[in-house]
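Engineer: Sequence and predicted structure are below.
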Amino acid sequence: QVQLVESGGGLVQAGGSLRLSCAASGRTFGNYAMGWFRQAPGKEREFVATINRGGDRTYYADSVKGRFTISRDNTKNTVYLQMNSLKPEDTAVYYCASHSRLLPIRIQISDYDYWGQGTQVTVSS
């Protein structure tokens, strides 16, 4: 069982930055690949970024590539999402998630086993 708690959301103007954090419980954080997803009002949840267990492989949705950076610190059981050059269309609830499947780079919601409660990010124009 893994418990995930996101933090760092808030209100920011377009062009600004935010850093989201996701703290994981347990001593096996390094066994899990991690991902960030988001869900805007009236829309389906969508993939944002993912990182493998060791932190040396990442993958991003085209919509955030070059603006967002996912990273992790296995000594702190935490994964981060640095969001720069934010746009109003980035407004959503952001969720972190984890999985332990063999191939770490996964973008499907159904591949992830554990989810956080989400943190709201609002970007004003």
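Structural biologist: Arrived safely.

Engineer: who's in contact with the residue with the shortest distance to the centre of the chain?
Structural biologist: Averaging the C-alpha coordinates of the chain gives a centre point, and the residue nearest to it by Cα atoms, centre = their mean is W36 (2.2 Å). Residues in contact with W36, defined by Cβ atoms under 8 Å, 6 or more residues apart in numbering, are L20, C22, V48, A49, T50, I70, V79, L81, Y94, Y95, C96, A97. All C-beta spots, glycine's among them, are computed from the backbone N, C-alpha and C.

Engineer: Can you list the residue ranges for strands in the protein?
Structural biologist: Remark: strands of the chain, listed N- to C-terminal, are 4-7, 10-13, 18-24, 33-39, 46-51, 58-60, 68-73, 78-83, 92-99, 114-115, 119-124; assignment by DSSP state E.

Engineer: List every C-alpha atom in the longest one, with coordinates, as PDB.
Structural biologist: Spelled out, that is strand 92-99. Presented in PDB, the C-alpha positions along strand 92-99 are these (Å, rounded to 0.1, in the frame of the first residue of the first chain):
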ATOM      1  CA  ALA A  92      -6.700  21.700 -13.400                       C
ATOM      2  CA  VAL A  93      -6.500  19.500 -10.400                       C
ATOM      3  CA  TYR A  94      -3.200  17.700 -10.600                       C
ATOM      4  CA  TYR A  95      -2.700  14.200  -9.300                       C
ATOM      5  CA  CYS A  96       0.300  12.100  -8.700                       C
ATOM      6  CA  ALA A  97       0.200   8.400  -9.100                       C
ATOM      7  CA  SER A  98       2.500   5.400  -8.900                       C
ATOM      8  CA  HIS A  99       2.900   1.900 -10.400                       C
END
